[in-house]
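J.: Quick one, fold the following:
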Amino acid sequence: MQQLQSPQRSGASAVAGPRRRCEGTAMGAITLDLRPGLGIGPFTLGMSIREAFAQIEHQPNIYDVVHVKYFDEEPLKLDIVINFPDHGFHLRFDPWSQRLRLIEVHEVTRLQMRYATSLIGGPTLATFVAVYALFGPTFPGIYDKDRGTYTLFYPGLSFAFPIPSQFTNCCHDGEVSADLPLEFPDGTTPVACRVSVYDNSSDSKVGVGSLMSKALAPPLPAGSLYMEEVHAKLGEELWFTIGGQHIPFGASPQDVWTELGRPCGIHQKQVDQMVIHSASDPRPRTTLCGDYFYNYFSRGLDILFDGQTHRIKKFVLHTNYPGHSDFNAYTKCNFVIYDAEMEGPIPVGGSSKRCITPRTKWEQVKEILGDGGRAAIQTQGSMNNPFGPTFVYGYQNIAFEVMRNGYIATVTLFQS
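T.: Sure, this is the predicted structure:
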């Protein structure tokens, strides 16, 4: 599991740096609104990891120490976790959709939560009595004898309480007698060690251990463009499956505005660093060239226009995997790439052994397209890119930027 520290920003600068704290602010001395089944503070279940970082960057004096954790070798295997060590909670994002599926307060004494007009957690101990008084009666919970915890469930919310070893005889077969753990025989009451906030549309009970895996991101609203499949036919066009837009090579900026709306950003392209390898292009290298990009960060897409003809010459699709210098700069593009020689379009949600998607690793790409030959090494220097170099492989009409773990970082489409 890889861990990054991001004291100021996320994305490309998510690296270890000096801790920054607002003077007079004590660790954990913040209060966040608790919204069962919806979220906590500015973090809402179902939001993208990019949206979460936007909230973090909006309040840098509060979220001044941020850790990002992920499984470097297999980024789709485990959650991407944003941890706030000073405030005792973290956000768990589904590794494929990169949407928030679970919020866990793992150090309840560090975070004060506001529910309605009452406070719980932080200096206000979240005892069983306090929880029961604030949230009201509910069904009996579940006792996990391996962890020695009793979990109490409310819709979209659960509290885990440790059961001291001397009182485990009160618990058996996952159940607890009716008067426990409201109060133990010695008059004490347990204090919550973990609070989980999750979507309750599936009616699942989510808690510590194996119960944690039951938390799913809420369903996307009808018509949402998030994780829209973008089909790319090599050498021809992009097709957006929800909106139905078709954008071919050679389209004009006006065509793109009409189909996709206003771009998130526009910037002039630096000279192509690969042009020196092209014997057919003797132009001298300059700092800038006339070509320019339309950036659609929320779609994980860049579109490059020729500076003279003002026609599309390239598409760049981003996977937004952690461990890449552009992580969090783009929302993930859920592309499906297939060869122009394939007959008929690929149905939405369909699969083909000859299709390339963000799940496809480099070894699989080579099985589909053949050996890409030697790679060009792309690096921005250790200061700008702490993740190390990536490797660029070119084929007819397509080039892949591949990370060291074998996953695709970006795909560039062009016409040979």
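J.: OK, contacts around residue 412?
T.: 314, 315, 316, 317, 398, 399, 400, 401 (Cβ atoms under 8 Å, 6 or more residues apart in numbering). Using the backbone N, CA and C atoms, a C-beta is placed for each residue, glycine as well.
J.: Let's see the ChimeraX selection covering just the buried ones among those residues.
T.: Selection of buried members from the contacts of residue 412 for ChimeraX, criterion 16 or more other Cβ atoms under 10 Å:
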select :314,315,316,317,398,399,400,401
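J.: could the contacts of residue 412 be laid out in a markdown table, adding distance to residue 239 and pLDDT?
T.: Shown next, in a markdown table, are the contacts of residue 412 (distance: Cβ to Cβ, whole Å; pLDDT from 0 to 100):
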| residue | distance to residue 239 | pLDDT |
| --- | --- | --- |
| 314 | 17 | 97 |
| 315 | 12 | 98 |
| 316 | 17 | 98 |
| 317 | 13 | 98 |
| 398 | 16 | 96 |
| 399 | 20 | 96 |
| 400 | 20 | 97 |
| 401 | 23 | 96 |
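J.: Tell me the one among the contacts of residue 412 nearest to residue 134.
T.: residue 317 (47.5 Å; Cβ to Cβ).
J.: does the closest one have beta-bridge partners, and which?
T.: The partner list for residue 317 in beta bridges (DSSP bridges) reads residue 301, residue 411.
J.: ok, it - contacts?
T.: Residue 317 makes contacts with 230, 232, 300, 301, 333, 335, 410, 411, 412, 413, as judged by Cβ under 8 Å, 6+ apart.
J.: can you rerun that using 10 Å?
T.: By Cβ atoms under 10 Å, 6 or more residues apart in numbering, the contact list for residue 317 reads 230, 232, 238, 299-302, 330, 332-335, 337, 358, 408, 410-413.
J.: Distance check, it against residue 44.
T.: Applying Cβ to Cβ, to the nearest Å, the value for residue 317 to residue 44 is 27 Å.
J.: Distance across stretch 96-106, terminal residue to terminal residue?
T.: 24 Å (Cα to Cα, to the nearest Å).
J.: Measure how far that stretch is from the centre of its chain, please.
T.: 9 Å (Cα atoms, centre = their mean, to the nearest Å).
J.: do the same with stretch 186-199
T.: Between the centre of stretch 186-199 and the centre of its chain there are 28 Å (Cα atoms, centre = their mean).
J.: Dump it to CSV, keeping only the CA atoms.
T.: The C-alpha trace of stretch 186-199 is given here as CSV (Å, rounded to 0.1, in the frame of the first residue of the first chain):
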residue,chain,number,x,y,z
ASP,A,186,-19.9,-2.5,37.1
GLY,A,187,-21.9,0.6,36.0
THR,A,188,-19.6,1.7,33.2
THR,A,189,-20.8,2.1,29.6
PRO,A,190,-18.7,1.5,26.4
VAL,A,191,-17.4,4.3,24.3
ALA,A,192,-17.6,4.1,20.5
CYS,A,193,-14.2,3.3,18.8
ARG,A,194,-15.5,3.7,15.2
VAL,A,195,-18.3,5.4,13.4
SER,A,196,-19.2,4.5,9.8
VAL,A,197,-21.3,6.5,7.4
TYR,A,198,-22.6,4.7,4.3
ASP,A,199,-25.3,4.7,1.7
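J.: what does the average pLDDT come to for that stretch?
T.: Across stretch 186-199, the average pLDDT comes to 89.
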